[in-house]
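S.K.: Just need the structure, nothing else, for what follows:
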Amino acid sequence: MPDLEALKKEAAVRAVSLIESGMHLGLGTGSTAKYAIAELGRRVAAGELSGLSCVATSEASDAQARALGLDVGPLTRQFFDLAIDGADEITPDVDLIKGLGGALVREKLVEVQARRLIIIADHTKLVTRLGERAPLPIEVLRFGVDSTLERLQALGAVGELRRQAGELYLTDNGNFIYDARFAGADLAALERPLKGTLGVVETGLFLNMAERAFVAAPEGVREIVRSAASAAR
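M.R.: Residues are numbered from 1 along each chain as shown. As a prediction, the model looks like this:
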């Protein structure tokens, strides 16, 4: 059986092959995105790419990129030529759930400014509809969190605040994450009500954003491209 980690690295290499010298890049977060950052660092060190500038979507990715000698700066109004990131669920239209790694707000702030968003993941992330397997991460303010959760539950949410090592998980922004499920609901239709809920910072719904995904599967790396009809939504 093929080594899934090796295939994830191959998917990362495919994504990084789209990068050209002089680009302004968004660097994602997570177990697959780290392979893309490593490959980017390798290509820069080998002299295959130059003149790049990057913005990382988490403190962990920032530290990895800097350790590899990449030029990492703050988020400004400048558009990104390309952003590469992972995902927790991917539909056939390349709509996404992201945020199980905890960086959903920074990821969205970066990737909404990307002319091209490229996703890398393994085949276990493929679904027919959002919410099929993964919960929807929702970043919420710590202040008044009980009231915020009550408002989310009124929208049909069932879930819990994320914990790590027995403690409530804190994002890089100092907030909590509520991992929510909505039984049988159309999550895309819930995006606006969720984002309009007092106390909610952002959701892990990344709709109409990704151009394509490179997906590591036992048979090799698959490329899934957003259809023209989906892109026009």
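
S.K.: switch to C-alpha atoms for all contacts and neighbour counts from now on
M.R.: Noted.

S.K.: ok, how many other residues are close to residue 5?
M.R.: With neighbours defined by other C-alpha atoms under 10 Å, the count for residue 5 comes to 14.

S.K.: Quick one, grab the pLDDT at it.
M.R.: Looking at residue 5, its pLDDT is 89.

S.K.: What strand or helix carries it?
M.R.: helix 4-16 (DSSP states H and E).

S.K.: Give me the distance from that helix to the chain's centre.
M.R.: Centroid separation for helix 4-16 versus its chain: 16 Å, with C-alpha atoms, centre = their mean, to the nearest Å.

S.K.: tell me which residues of it are tucked away?
M.R.: Buried residues in helix 4-16, counting neighbours by 16 or more other C-alpha atoms under 10 Å, are found at 7-16.

S.K.: Residue 74: which of the residues you listed is nearest?
M.R.: residue 16 (21.2 Å; C-alpha to C-alpha).

S.K.: Who are the contact partners of the closest one?
M.R.: Going by C-alpha atoms under 8 Å, 6 or more residues apart in numbering, residue 16 touches 36, 39-40, 84.

S.K.: quick one: which of those sit in strands?
M.R.: residue 84 (DSSP state E).

S.K.: what's the most distant pair in the contacts of residue 16?
M.R.: Most distant of the contacts of residue 16, by C-alpha to C-alpha, are 39 and 84, 11.8 Å apart.

S.K.: neighbour-wise, which of these two wins?
M.R.: A side-by-side neighbour count of residue 39 and residue 84, using other C-alpha under 10 Å, places residue 84 first with 26 against 21.

S.K.: And this structure, split by domain according to the record?
M.R.: Domain assignment for the chain, taken from automatic domain parsing, gives 4-127+207-217, 136-201.

S.K.: tell me the SS of the residue of the chain most remote from its centre?
M.R.: Residue farthest from the centre of the chain, counting by C-alpha atoms, centre = their mean, is residue 47 at 28.2 Å. Assigned state for residue 47: coil (three-state reduction, DSSP: H, G, I helix; E, B strand; the rest coil).

S.K.: Number the chain from 231, please
M.R.: With 231 as the first residue, the last one maps to residue 277.

S.K.: Tell me who's in contact with residue 296.
M.R.: By C-alpha under 8 Å, 6+ apart, the contact set of residue 296 is residue 302.

S.K.: who's the residue nearest to residue 352 when sequence neighbours are not counted bridged to?
M.R.: Of all residues not flanking residue 352 in the chain, residue 446 sits nearest, at 4.4 Å (C-alpha to C-alpha, 6 or more residues apart in numbering). Under DSSP bridges, the beta-bridge partners of residue 446 are residue 352, residue 451.

S.K.: Would you mind measuring from residue 446 to residue 385?
M.R.: Using C-alpha to C-alpha, to the nearest Å, residue 446 is found at 35 Å from residue 385.

S.K.: Including distance to residue 453, could the domains of the chain go into a markdown table?
M.R.: Putting those into a markdown table (distance: least, C-alpha to C-alpha, whole Å) gives the following:
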| stretch | distance to residue 453 |
| --- | --- |
| domain 234-357+437-447 | 5 |
| domain 366-431 | 23 |
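
S.K.: Single out the most deeply packed of these.
M.R.: Among the domains of the chain, ranked by average contacts under mean count of other C-alpha atoms under 10 Å, first place goes to domain 234-357+437-447 (a mean of 20).
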